[in-house]
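Novice: Curious how this folds, go ahead:
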Amino acid sequence: MDAMKYEYLEQKYQPLSVLGSVEKQSVWLVQDMDTGQVAVKKYIPSELFGIYECLRAIRHESLVPILHTAQGLRNAVVIMEYTSGHTMEECLETQGVFSKEQAVGYMIQLLQGLRMLHAKGIIHRDLQPRNLLISTDGVLKILDFDIGRMYKEGQGQDTRFLGTAGYAAPEQFGFGQSDMRTDIYAAGVLMNYMLTGKEPREQLYADEDVRKMIETCTQVDPDKRYQTADGMLQELEKIRASCGNSRGSRAHEHAPGIVSRLCQALRTTRQSNTVLDVLPGFRTGVLWKKVIAGLYYVSMGIYSVNFVYGCRTDPVAFVLEFAAILLYGWLAALLPLNFLGWMERVPMIRRVGRIPRIVLGVVIWMILFGAGCMLEEYAAGDVLRAAGLIET
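Specialist: Numbers count the residues shown, from 1 in each chain. Predicted coordinates for the structure are as follows:
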């Protein structure tokens, strides 16, 4: 019977494009041939079938709905709803670390989803930015249960050592059986990463209440961590209340605008983050990007001061030259690279994928750079010439 259902789903959902790893070809964007509905088809090892079958019975906004599951001869297939958005890893790369309010909002959603999973005995075991999706309407979704397991009371230790370095709890490497507290450990690491871009062992977030919660989550001894998702949720609710946020748990409802995001960056300078953390090139912490960005900003700063200073004798030329350099030297570099995450604030732009954003960035650069060059030519030529400051 399962084999027949497997073949039925194979025929019913036709592939549109491969998602994830092209080599493995295990996740596909597909279309229902009867209704035209777009969905995701995933091939999984047979031993994971029980987990996804259990997930199919759970309905929660932080879990992607499972539509169908079927066991084949060599593997199993899962059909799930398609949700548009970006992984948390992509969001952190494009807009930098989250504000405290955003991080708390997302963590509340995550823990609410974990509470549902743990109630069914499902342990995720691989919570990390790459396995969390932020949908276009701002809802966090838990993805990829490929190393998940069902909790077995009384088992001595995990039979397989699996997990992502930095996020995996000690018990995932042979020091005991992973359980609900294993996901709590990863949640603590994750929250610190959202706020600092670093793991707790590298840099702890400076805010006292949040830091204490992260330290509790990441204790080596599971008995010293929060014992349930509810325990951590209660602490998060207290922290959110202290932030003065009473508009619900969804982070998109209180995501700061560009001005407030800059203010947040300035406030967090004393928390071992710097204003540079919001600048393209410095957000990811990658050394070669920081070097290139630093060279550009320094050279552009010297160039800007030199040219604007040269027009100081004529107020009109000074203003025009300043505006020109702002356009082609600064905005043309910052806006196409999603400075302060402005693309996530524009509804039409935040719904598109990575390639359209790259194309949009190139167009914006061409417009700003061209406008700035023309304005500078006018300021350095016509205005100064009319003022008699340069020879005709």
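
Novice: Toward the C-terminus from the helix or strand hosting residue 16, list the very next helix or strand.
Specialist: In this structure, residue 16 is located in strand 13-19 according to DSSP states H and E. Using DSSP H and E, the next helix or strand after strand 13-19 towards the C-terminus is strand 27-32.

Novice: Which residue ranges of the stretch 101-250 of the chain form helices?
Specialist: According to DSSP state H, counting those that start in this stretch, the stretch 101-250 of the chain carries its helices in the segments 180-196, 208-217, 229-242.

Novice: Just send these back as TSV, with mean neighbour count too.
Specialist: The way it works is simple: take the backbone N, C-alpha and C, and place the C-beta from them, glycine included. Listed next are these as TSV, based on neighbours: other C-beta atoms under 10 Å:
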stretch	mean neighbour count
helix 180-196	25
helix 208-217	18
helix 229-242	17
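
Novice: Tabulate these in TSV, adding columns for distance to residue 166 and mean pLDDT.
Specialist: Formatted as TSV, the helices of the stretch 101-250 of the chain follow (distance: least, C-beta to C-beta, whole Å; pLDDT from 0 to 100):
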stretch	distance to residue 166	mean pLDDT
helix 180-196	6	95
helix 208-217	13	94
helix 229-242	19	92
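
Novice: Okay, now the sheet partners of the strand holding residue 16, with direction.
Specialist: Strand 13-19 sits in its sheet next to strand 27-32 (antiparallel), going by DSSP bridges.

Novice: Any chance you could list what contacts the partner strand?
Specialist: For strand 27-32, the surrounding residues in contact (C-beta atoms under 8 Å, 6 or more residues apart in numbering) are 12-21, 37-43, 79, 82.

Novice: buried stuff in the next helix-or-strand element following that strand?
Specialist: Per DSSP H and E, the first helix or strand lying C-terminal to strand 27-32 is strand 38-44. For strand 38-44, burial by neighbour count (16 or more other C-beta atoms under 10 Å) applies to 39-42, 44.

Novice: Tell me how far residue 131 lies from residue 108.
Specialist: Going from residue 131 to residue 108 by C-beta to C-beta, to the nearest Å gives 18 Å.

Novice: Which residues are in contact with the residue nearest the centre of the chain?
Specialist: Nearest to the geometric centre of the chain sits residue 88, at 2.1 Å (C-alpha atoms, centre = their mean). Neighbour list for residue 88: 106, 129-130, 132-134, 140, 194 [criterion: C-beta under 8 Å, 6+ apart].

Novice: Residue 204 contacts residue 212, doesn't it?
Specialist: No: counting by C-beta atoms under 8 Å, residue 204 stays clear of residue 212, with 9.9 Å between them.

Novice: I figured residue 318 hits residue 309, correct?
Specialist: No: here residue 318 lies out of contact with residue 309, judged by C-beta under 8 Å, at a distance of 9.0 Å.

Novice: quick one: which of the two has more around it?
Specialist: Shown here are residue 318 and residue 309; by other C-beta atoms under 10 Å, residue 318 has more neighbours (17 against 10).

Novice: which SSE is the more buried one in?
Specialist: Residue-wise, residue 318 maps onto helix 315-325 under DSSP H and E.

Novice: So for that helix, what gets flagged as buried?
Specialist: Residues of helix 315-325 classed as buried: 317-318, 320-322, 324-325 (neighbour count, 16+ other C-beta under 10 Å).

Novice: So which residues of the stretch 51-200 of the chain form strands?
Specialist: Ranges of strands in the stretch 51-200 of the chain, per DSSP state E, counting those that start in this stretch, are 66-71, 76-81, 85-87, 122-123, 132-135, 140-142, 149-150.

Novice: what lines up beside the first one in the sheet?
Specialist: When you say that, I think you mean strand 66-71. Assessed with DSSP bridges, strand 66-71 is paired to strand 76-81 (antiparallel).

Novice: Render the CA-only coordinates of the partner strand in PDB, please.
Specialist: What follows is strand 76-81 as a C-alpha-only set of coordinates in PDB (Å, rounded to 0.1, in the frame of the first residue of the first chain):
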ATOM      1  CA  ALA A  76      10.600   7.700   1.700                       C
ATOM      2  CA  VAL A  77       9.100  10.800   0.200                       C
ATOM      3  CA  VAL A  78       7.700  13.800   2.100                       C
ATOM      4  CA  ILE A  79       5.400  16.500   0.500                       C
ATOM      5  CA  MET A  80       5.300  19.700   2.500                       C
ATOM      6  CA  GLU A  81       3.900  23.200   1.900                       C
END
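
Novice: Buried residues of that strand, list them for me.
Specialist: So for strand 76-81, counting by 16+ other C-beta under 10 Å, buried means 76-80.

Novice: Going by distance to residue 360, which of those wins?
Specialist: residue 80 (29.4 Å; C-beta to C-beta).

Novice: how near is residue 116 to residue 83?
Specialist: For residue 116 relative to residue 83 (C-beta to C-beta), the value is 17 Å.

Novice: sorry, back to before: which strands or helices does the helix holding residue 318 pack on?
Specialist: helix 287-310, helix 354-377 (3 or more C-beta pairs under 8 Å, 6 or more residues apart in numbering; DSSP states H and E).

Novice: is it possible to export those helices to TSV including distance to residue 51?
Specialist: Output for these, formatted as TSV (distance: least, C-beta to C-beta, whole Å):
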stretch	distance to residue 51
helix 287-310	38
helix 354-377	30
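
Novice: among those, which is nearest residue 64?
Specialist: Across the helices and strands packed on helix 315-325, closest to residue 64 is helix 354-377 (C-beta to C-beta), at 20.1 Å.

Novice: Specify the angle between that closest one and helix 315-325 in degrees.
Specialist: 160 degrees (axes from the mean of the first three to the mean of the last three C-alpha atoms, to 10 degrees).

Novice: what pLDDT, on average, does helix 354-377 get?
Specialist: Average pLDDT, helix 354-377: 84.

Novice: Give me the residues contacting that helix.
Specialist: With C-beta under 8 Å, 6+ apart as the test, helix 354-377 has contacts from 90, 307, 320-321, 323-329, 331-333, 335-338, 343, 349, 352.
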